[in-house]
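predicted coordinates and the sequence they were generated for:
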Amino acid sequence: MRTQYQWVTLRKRTAGWFAALEKAASEARVQIRRVTNAHSSEPVAAARGRFAAVSLWVEDLPEDCDLNTLSVTVAGQPARGAYLGPPRHGLVQFNIELPDGLASGLQPVEIHWLGRPLAPRIFLRVIPPPPPVPRVVEVSDGIDLLAGPRIRSRTVRVVLEEVEHPERFDATVGGHPIGEREITCADPRTPIHQISFALPGAVGPGQHELAIRIGDRRFPPVTLEVSA
């Protein structure tokens, strides 16, 4: 299993800061001025998939609010807070990922701070998700990800989007079938999967065609430049 690392920036608060939030939360009142899809300005969101995320544009949000203390429910189900931006023209962008299993139609959205209602309820229009479009979005060396399809480590990394059954992945390189493969889910919502495998031993230096299939679906071939 390949380990994934992420960088974060943290700010340490003064002693007693968190204890003082209870009083601030009981007095705070804000307004959600509008809600848009996180990927566009459309006031709708899909029930699942890539477009199942929205931006809440919040007015007068207290400075002490953060992703740890804010919570949102959609149709009574908890949503995941993904991003809280800086104030701009009096509004703060609060991105959330919708919970699974939402029905289509107008769904109530409520925001809380430390468990207390923070703003009047609003409604979001949820629409059915578009049909998935399975595709190969990237092929690269399995270690040097910036090398693209120039394979130096004799391992290959393939990134797939909207493939529902990545375990059905199979491929040949220069007509030679691959062996064991490692499947990692990079994003379960889209979904995005990364599949890594070693080049077959019979594949030598030079150009070779990578042919990929998922079950009965075949994808356009990719030319690999193998250096060793």
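All right, it came through fine.

is the residue sitting furthest away from the middle of the chain in a helix, a strand, or coil?
Relative to the C-alpha centroid of the chain, counting by C-alpha atoms, centre = their mean, Ala202 is the outermost residue, at 37.1 Å. Secondary structure, DSSP: H, G, I helix; E, B strand; the rest coil: Ala202 is coil.

from Ser71, how far off is Gly206?
Gly206 sits 56 Å away from Ser71, going by C-beta to C-beta, to the nearest Å. In short, each C-beta sits where N, CA and C put it, glycine included.

who has more neighbours out of these two?
Ser71 (19 against 10; other C-beta atoms under 10 Å).

who are the neighbours in contact with the more buried one?
Applying C-beta atoms under 8 Å, 6 or more residues apart in numbering to Ser71 gives the contacts Pro78, Gly81, Ile111, His112, Trp113, Gly115.

which members of these are classed as buried?
Neighbour-count burial (16 or more other C-beta atoms under 10 Å) applied to the contacts of Ser71 gives Gly81, Ile111, Trp113.

burial count for the nearest residue to the first one once chain neighbours are set aside?
Leaving aside its sequence neighbours, Gly81 sits nearest to Leu67 (C-beta to C-beta, 6 or more residues apart in numbering; 4.7 Å). Summarising burial for Leu67: neighbours were counted as other C-beta under 10 Å, giving 13.

verify the contact between Leu67 and Arg80 for me.
No: assessed by C-beta atoms under 8 Å, Leu67 is found out of contact with Arg80, at 9.4 Å.

what pLDDT does the model give the most centrally placed residue in the chain?
Taking C-alpha atoms, centre = their mean, the centroid of the chain lies closest to Asp187, which sits 4.8 Å from it. If you check Asp187, the pLDDT there is 88.

and it, bridged to which residues?
Residues in a beta bridge with Asp187, per DSSP bridges, are Ile192.

distance to Arg121, pLDDT and secondary structure added to the contacts of Ser71, as TSV?
Converted to TSV, the contacts of Ser71 look like this (distance: C-beta to C-beta, whole Å; pLDDT from 0 to 100; DSSP: H, G, I helix; E, B strand; the rest coil):
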residue	distance to Arg121	pLDDT	secondary structure
Pro78	15	96	strand
Gly81	17	94	strand
Ile111	9	95	strand
His112	11	94	strand
Trp113	15	91	strand
Gly115	16	88	coil
